[in-house]
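1. give me a model of this one.
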Amino acid sequence: MTETTTTDDNAEDLTKVREALKNANSEAASYRHKATELESQLTTATANAEKYKAGYLQTKLNAALKDHGATNPKIVKVLDTSKIDLDDAGELVGFDEQLTEAKTEFPELFDAKRSVASIDASDKPQSKKTQSSAERLVARFK
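-> Just a heads-up that it's a prediction; the model follows:
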């Protein structure tokens, strides 16, 4: 009779183990589904953050250049923006190095007094003086 009791106990234990395994599998499947969903949300959030970060970085660059006396807003094209980033506080990192390089290479873009004057040395015909109607009548009868 001990042998039958042991077999019944083993069968009961086996049923419990199978039930626990079934529950664990379904729980693991729900966690995998939730992990996949969270990964897609993270990817979307990261893409949005990068888009807004680029706009914010551009705004910060323009404001910083204006504060440092840049007279031409297109000077941003001279800077190597790949070396400029934002820290956790939203401040520019690497901007000072790029600014000193740009000021060294293109000082006329930062100082209005040093800006190059536009000189046009081409030959242009002189414009004729506009005559009033009385002057035209007098010229006609001469």
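2. any low-confidence regions in this protein?
-> In the predicted model of the chain, residues 1-4, 111-123 satisfy pLDDT under 70.
3. ok, the nearest residue to H68 once chain neighbours are set aside to D88 distance?
-> Among residues not flanking H68 along the chain, L99 sits closest, at 6.1 Å (CB to CB, 6 or more residues apart in numbering). Where you see a C-beta, it was placed from the backbone N, CA and C, and this is true even at glycine. L99 is 21 Å from D88, where distance means CB to CB, to the nearest Å.
4. more neighbours: which of the two?
-> Neighbours per residue, other CB atoms under 10 Å: of L99 and D88, the larger number sits with L99, 20 against 5.
5. against A54, how distant is that one?
-> To A54, L99 is 19 Å away according to CB to CB.
6. ok, now E135?
-> To A54, E135 is 63 Å away according to CB to CB.
7. K34 now?
-> K34 sits at a distance of 31 Å from A54 (criterion: CB to CB).
8. which strand or helix spans the most centrally placed residue in the chain?
-> Residue closest to the average C-alpha location in the chain (CA atoms, centre = their mean): A54, at 1.0 Å. A54 belongs to helix 2-67 when assigned by DSSP states H and E.
9. and the helix or strand following that helix, which strands flank it?
-> Proceeding N to C from helix 2-67, the next assigned helix or strand is strand 85-86, under DSSP H and E. Applying DSSP bridges to the sheet, strand 85-86 is found paired with strand 92-93 (antiparallel).
10. packing partners of whatever helix or strand comes next after the strand it pairs with?
-> Note on strand 92-93: by DSSP H and E, the next helix or strand toward the C-terminus is helix 95-105. Secondary-structure packing of helix 95-105 (3 or more CB pairs under 8 Å, 6 or more residues apart in numbering; DSSP states H and E): helix 2-67.
11. packing partners for the helix it packs on?
-> Contact here means 3+ CB pairs under 8 Å, 6+ apart; on that basis helix 2-67 packs against strand 85-86, strand 92-93, helix 95-105.
12. many thanks, have a good one.
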